[in-house]
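> Sharing a model that was predicted from the sequence below.
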Amino acid sequence: MSTALEPYKSGPFDLTHKLMLEKCGNTALITINNPAANTWDRDSLIGLKLIVEHLNRDDDIYALVITGQGEKFFSAGADLKLFADGDKARAREMARRFGEAFEALRDFRGVSIAAINGYAMGGGLECALACDIRIAERHAQLALPEATVGLLPCAGGTQHLSWLVGEGWAKRMILCGERIDAMTAERIGLVEQVVDSGEARNHALLLASKVANQSPVAVRTIKPLIQGARERAPSTWLPEERERFVDLFDADDTREGVNAFLEKRRPQWLNH
């Protein structure tokens, strides 16, 4: 599988140069491009939300990878200069923009992978937490240090981190300000894979390419079932799981997938 990239078609989401959008087969690649620390601001957060909404309507895109430009930072989170004057109206708007952007990323209908190529701090780590899968390079450092400056993670950090690593480690990282390295992150379940420096993007693209082997209709039916356990007890989802299984028989992809298997050929997904 090649990881060669090509430009993605332009669209109404092209609001900022701080996000680059390319594609590799059926995978979209979003690169956070705001040197020196790839921080998030109003324009890039609006841009991310619009990009994900656009990708949700593109039947040729099955997965997305998000990474940071350069070798040092995935993203250092919010630019704290935005909050230096204590303006509550700006703080409220930025909290809303962060929430909307990362919730859109969380709800992307395909598979999302964060390729953590360096420091993932504050809103940078919250961006990675919004993804389905995280791959980190060995030199990466991860933290939610907001309380150090009198703030708190407001883009899902308190909830998503606790879900992934448990209450104890979430409290260590958020309440005690503990920064962890990639190997610790893998050990506690914060990332799924650690790779050599400079390799996160390629590994993420290769993993994302495997999504093309799956029925897109099945993927977007299954993902909410997996994530639903965050909101309700798993036992309450079992009847719905069975209903969604039956619903898939309305999809052309289901007939194609079953018959392709029986005929020993690669399925040609129709995405409906």
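Yep, that arrived.
> Every contact and neighbour count from this point should use C-alpha atoms.
Noted.
> pLDDT weak spots in this protein?
For the chain, applying pLDDT under 70 flags the ranges 1-2, 10-15, 272.
> can we see that at 80?
In the predicted model, the chain carries pLDDT under 80 at residues 1-3, 9-16, 83-84, 271-272.
> How are the strands of it distributed by residue range?
All strands of the chain, identified by DSSP state E, fall at 6-7, 19-24, 27-32, 63-68, 73-75, 111-116, 119-121, 133-137, 141-143, 180-181, 193-195.
> In contact with the closest residue in space to R179 that isn't next to it in sequence, which residues are there?
Counting by CA to CA, 6 or more residues apart in numbering, the nearest residue to R179 once its immediate chain neighbours are dropped is A143, at 4.7 Å. Taking CA atoms under 8 Å, 6 or more residues apart in numbering, we find A143 in contact with A120, M121, G122, L125, M173, I174, G177, E178, R179, I180.
> Tell me the spacing between the fifth one and R230.
According to CA to CA, to the nearest Å, M173 and R230 sit 20 Å apart.
> Who has more neighbours out of the two?
Taking neighbours as other CA atoms under 10 Å, M173 and R230 compare with M173 leading, 19 against 12.
> Can you tell me which of the contacts of A143 has the most neighbours?
Busiest of the contacts of A143 [other CA under 10 Å] is A120, holding 28 neighbours.
> A78 is in contact with that residue, correct?
No - using CA atoms under 8 Å as the test, A120 is too far from A78 to be in contact (11.2 Å).
> related to what we said a few turns ago, between the contacts of A143, which is closest to T221?
Nearest to T221 among these is L125, at 26.6 Å by CA to CA.
> Is the closest one in contact with E146, as I believe?
No - assessed by CA under 8 Å, L125 is found out of contact with E146, at 11.4 Å.
> from the strands of the chain, which stretch is densest packed?
strand 73-75 (a mean of 30; mean count of other CA atoms under 10 Å).
> Within the sheet, what are the partner strands of it, with directions?
Using DSSP bridges, the strands paired with strand 73-75 are strand 119-121 (parallel).
> circling back to that earlier point, look up how far A115 lies from the residue nearest to R179.
Noted for A143: a distance of 16 Å to A115, by CA to CA.
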